[in-house]
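# coordinates for the following, if possible.
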Amino acid sequence: MNVLSYPLGYLRLTDEHGRKLFRRNALTVVLLTALISAPFIFAEANFFGDKGFLDRIGSFSAVLTGFYIAALVGVASFSSSIGDLDEVIVVGPIKRIATDGRSEDLTRRQYVCSLFGYLSFVSLIISIGSILLIVAAAADGKLISRVSEIPVAGPYVVSSLEMLHAALIIVCSLIIAHLFVTTCHGLYYLIDRLYQKNDQLLEKPDP
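Numbers count the residues shown, from 1 in each chain. Below you'll find the model as predicted:
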């Protein structure tokens, strides 16, 4: 995996049952995707236009990128004495494939760094991608108006472009929904699990 796609290594992590982490809360992600995309597909709300949904999400995502990077730096620099950060996760272990091909368990620090590295990468992609898609959609709108005037092929081309728009809306909504669900996992770890200490048996003092 090269350096440009390395943050996506989070998607290759597996839980104790061997399932990829991107499958966690899959039903929630699908429902959120449908909830986000439905108004823009069936009611023709403003998704790609100026000051539309994608425009506002892109601006918000740019702010989130800074938060995710700050969280990543914070977790990476925490003292190892805080919550047994460098101990392997016992409850709900997370695994990854090492460079030698063996499966290894992650520590809390490794898992949370991987999680927020992934979130930082995705939010940055959303910020940049929203700009490109909004510019492309503006040019595409002009193309549709011209193609629609063609007597024979016009309606078929317009229909194909509209299907492409709907597919792009669903893909963008899926990425945003997964970003939201993964952020909830990250906040859960920052709020609670990161500081949990493993139970230890204390020796009874001699009388």
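
# what's the first helix or strand after the longest helix along the chain?
Longest helix in the chain, counting residues (DSSP state H): helix 108-147. Remark: after helix 108-147, the chain's next helix or strand is helix 154-191, criterion DSSP states H and E.

# can you check the pLDDT for R146?
Predicted confidence (pLDDT) for R146: 51.

# again but with F116, I slipped
F116 is assigned 93 on the pLDDT scale.

# likewise V181?
Here, the pLDDT recorded for V181 equals 94.

# okay, it and D86: tell me how far apart.
27 Å (C-beta to C-beta, to the nearest Å). Just so you know, the C-beta spots here come from the backbone N, C-alpha and C atoms, and that holds for glycine as well.

# between these two, which has more neighbouring residues?
Taking other C-beta atoms under 10 Å, V181 and D86 do not tie; V181 has more neighbours (17 against 14).

# which non-adjacent residue is nearest the residue most central in space within the chain?
The chain has L179 as the residue nearest its centroid, 3.2 Å off, counting by C-alpha atoms, centre = their mean. Leaving out its chain neighbours, the residue that sits closest to L179 by C-beta to C-beta, 6 or more residues apart in numbering is V122, at 5.4 Å.

# contacting residues for the one you found?
P7, I175, H178, L179, T182 (C-beta atoms under 8 Å, 6 or more residues apart in numbering).

# the last one and S120 touch, don't they?
No - contact status for T182 versus S120: not in contact, 11.2 Å apart, counting by C-beta atoms under 8 Å.

# buried residues in stretch 125-133?
Using 16 or more other C-beta atoms under 10 Å as the test for burial, stretch 125-133 gives I125, I126, S127, G129, S130, L133.

# check the gap between the second one and F78 for me.
Read it as I126. Distance from I126 to F78, counting by C-beta to C-beta: 27 Å.

# ok, the third one next?
Relative to F78, S127 is positioned 27 Å away (criterion: C-beta to C-beta).

# what's the answer for the fourth one, then?
As for G129, its distance to F78 is 32 Å (criterion: C-beta to C-beta).

# got it, and Y188?
For Y188, the distance to F78 equals 17 Å [C-beta to C-beta].

# for E162, same thing?
In terms of C-beta to C-beta, E162 sits 50 Å off from F78.

# D105 now?
For D105, the distance to F78 - C-beta to C-beta - is 19 Å.

# how about F47, secondary structure?
Following DSSP: H, G, I helix; E, B strand; the rest coil, the label given to F47 is coil.

# what's near enough to touch it?
F47 makes contacts with F40, F53, L54, I169, C172, as judged by C-beta under 8 Å, 6+ apart.

# of these, closest to T99?
The closest of the contacts of F47 to T99 turns out to be C172 (C-beta to C-beta; 33.7 Å).

# how many neighbours does the closest one have?
The burial count for C172: 23, using other C-beta under 10 Å.

# from F60, how far off is the closest residue in space to it that isn't next to it in sequence?
The shortest distance from C172 to any non-neighbouring residue, by C-beta to C-beta, 6+ apart, is to L54 (6.5 Å). For L54, the distance to F60 equals 11 Å [C-beta to C-beta].

# looking at those two, which is more packed in?
Set L54 next to F60 and count neighbours by other C-beta under 10 Å: L54 wins out with 25 against 13.
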